[in-house]
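Colleague: Any chance you can model this:
(one chain, ligands or ions: 2)
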Amino acid sequence: MSRLKELRKYVDAEINKMEDHDKRTSAIAHLYGVSLAATMIAKKRGLDPEIASMAAMLHDLHAYKTGSYEDHAHKGADLARAILGELKLTGDAETDMICSAIYHHDDKMAVDSPMDEVLKDADVIHHCMNDLSKQIKDKEQARFDKICEEFGM
Ligand SMILES: [Fe+2]
Ligand SMILES: [Fe+2]
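Modeller: Residues are numbered from 1 along each chain as shown. Ligands and ions are numbered 1, 2, ... in the order given. Here you go, the predicted structure:
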């Protein structure tokens with residue numbers, strides 16, 4: 001089994017503990033949607049698509065587990081470190097890269113490391129493109145415009 005598949009198995013089991021059916025469905029749609037977008041962006045930018053995809057699978061897990069978005073990026077980075085430590089799928093540098101991306105993913109107005117930016121952009125793509133009829137948030141508009149330009153959309 002690939003390590004991405006193994007991580008997804010773990011994340012699926014965690015999400016399946018959520019009681020609300022609709023919230024569970026949107027959590028799965030979001031994590032897998034961001035994961036696919038992260039794979040594409042990382043590949044385009046010459047970064048590791050597998051690491052990007054793994055970061056995406058974990059990025060909002062703290063919020064889904066606790067039901068709160070309060071500081072979920074920073075808390076989510078700690079949770080991801082604990083999970084990756086338990087699953088032993090990644091080397092230290094890879095774990096650091098994944099946790100950094102999760103830690104920074106809510107700082108959409110700032111520019112951080114290239115892998116941090118992959119996760120932010122993938123998150124924004126899913127927020128903005130999962131339903132094109134939905135209003136784009138002010139804090140995501142500029143980033144979304146830049147992504148569209150990069151991808152010729
Ligand atoms: Fe988030
Ligand atoms: Fe997200």
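Colleague: Only C-alpha atoms from now on, for both contacts and neighbour counts.
Modeller: Fine.
Colleague: And for residue 55, the neighbour number?
Modeller: Residues lying near residue 55 (other Cα atoms under 10 Å) number 31.
Colleague: Assess the claim that it and residue 101 are in contact.
Modeller: Yes: with contacts counted by Cα atoms under 8 Å, residue 55 reaches residue 101, the gap being 6.8 Å.
Colleague: which residues in the chain form helices?
Modeller: Applying DSSP state H to the chain gives helices spanning 3-15, 21-44, 49-58, 61-66, 72-87, 92-104, 114-129, 138-150.
Colleague: if you compare those, which one is most tucked away?
Modeller: Greatest average neighbour count among these goes to helix 49-58 (a mean of 26), per mean count of other Cα atoms under 10 Å.
Colleague: That one vs helix 114-129, what angle?
Modeller: Relative orientation of helix 49-58 and helix 114-129, computed by axes from the mean of the first three to the mean of the last three Cα atoms, to 10 degrees: 60 degrees.
Colleague: contacting residues around helix 49-58?
Modeller: Applying Cα atoms under 8 Å, 6 or more residues apart in numbering, the contact partners of helix 49-58 are 4, 7-8, 11, 31-32, 34-36, 38-43, 76, 80, 94, 97-99, 101-102, 115, 118-119.
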